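Visitor: Can you look at this prediction? I've put the sequence above it.
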Amino acid sequence: MTGPGEEAIGVALLPDAPADLPGERTVSEAAAAAAGIALVMGYRDGMLSLWRPEGREKPLAVDFGAGRMGYRLAAERARHERLVRAVGKQKGLLVDATAGLGRDAALLARAGWQLILLERQPLLHAMLADALRRDAEMGQRMQPLRVDSLTWLQQRLHSDLPRPEVICLDPMFPERDKSAAIKKDLAWLQQLCGGTSEGEEIALLAAARALAGKRVVVKRPLRAPPLGGVAPSHALPGKTVRFDVYLTSF
């Protein structure tokens, strides 16, 4: 995901949070709550997590085997996901340039792709890396990089390294889903990352289309305009989101 900066505003790091993460430190969850800090990051149940200090909500962590995510990742189900159909049947290198919590990337990994995950927000990147350390199978298929997506795509284009066959984009978009769980996740992610400006969207899509060997796939809310106002080659709509496909020919 892209955002206005690297440090998370309103998030404090508990003593057990990774030492290399930037940001304010707090001695305890209670101290964070007393100071009016909105969110804390530390370990819960062995997972690097984000939660509201002394709140009742379930902490947010990246866990590919839990709940609905685990159900969707069953191999026979993953093949039928619209995202998997949108990216096509190739089994080469795929870049998720707005990795976020890695949920879409996990589906693509289960379908057979090798992925590079781009995430410049350091706390999100740390959560992804933590999840991949716990899941050896996923860790073999996904490589998380803490980089700015646009910079990475532009540098890769001018390098001698192989082009990715597919690049996926899912820029932050408000009010994507009406469920309480998604609203909580989305609100916390927006606090971490902010949103993307129209100029950033246009530049990101242009860089992705210049680099991708086969196609660019963009996840959008069902009734949202195309990313940057650029019409796709075709789209796969669902009930709440659609996947816009931009074919390339390199």
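Guide: Received, thanks. Numbering: from 1, shown residues only.

Visitor: residue nearest the centroid of this protein?
Guide: residue 100 (1.9 Å; Cα atoms, centre = their mean).

Visitor: Distance check, the residue located most distally from the centre of the chain against residue 44.
Guide: Distance to the chain centre peaks in the chain at residue 34, reaching 31.2 Å (criterion: Cα atoms, centre = their mean). Distance, residue 34 to residue 44, using Cβ to Cβ, to the nearest Å: 20 Å. C-betas here are computed from N, CA, C, even on glycine.

Visitor: likewise residue 15?
Guide: 14 Å.

Visitor: what's the answer for residue 100, then?
Guide: To residue 44, residue 100 is 19 Å away according to Cβ to Cβ.

Visitor: Repeat that for residue 91.
Guide: Applying Cβ to Cβ, the value for residue 91 to residue 44 is 36 Å.

Visitor: Have a look at these two and say which one is more surrounded.
Guide: residue 44 (16 against 11; other Cβ atoms under 10 Å).

Visitor: who's the more buried one bridged to?
Guide: Beta-bridge partners of residue 44, counted by DSSP bridges, are residue 47.

Visitor: residue boundaries of the helices in this structure?
Guide: Counting by DSSP state H, residue ranges of the helices within the chain are 29-34, 67-72, 75-78, 82-87, 103-110, 122-134, 136-141, 149-157, 180-193, 198-211.

Visitor: Residue 19 is nearest to which of those?
Guide: helix 122-134 (10.9 Å; Cβ to Cβ).

Visitor: Check which residues of that closest one are buried.
Guide: Judged by neighbour count (16 or more other Cβ atoms under 10 Å), helix 122-134 contains these buried residues: 122, 123, 124, 125, 126, 127, 128, 129, 130, 131, 132, 134.

Visitor: Sounds good, over and out.
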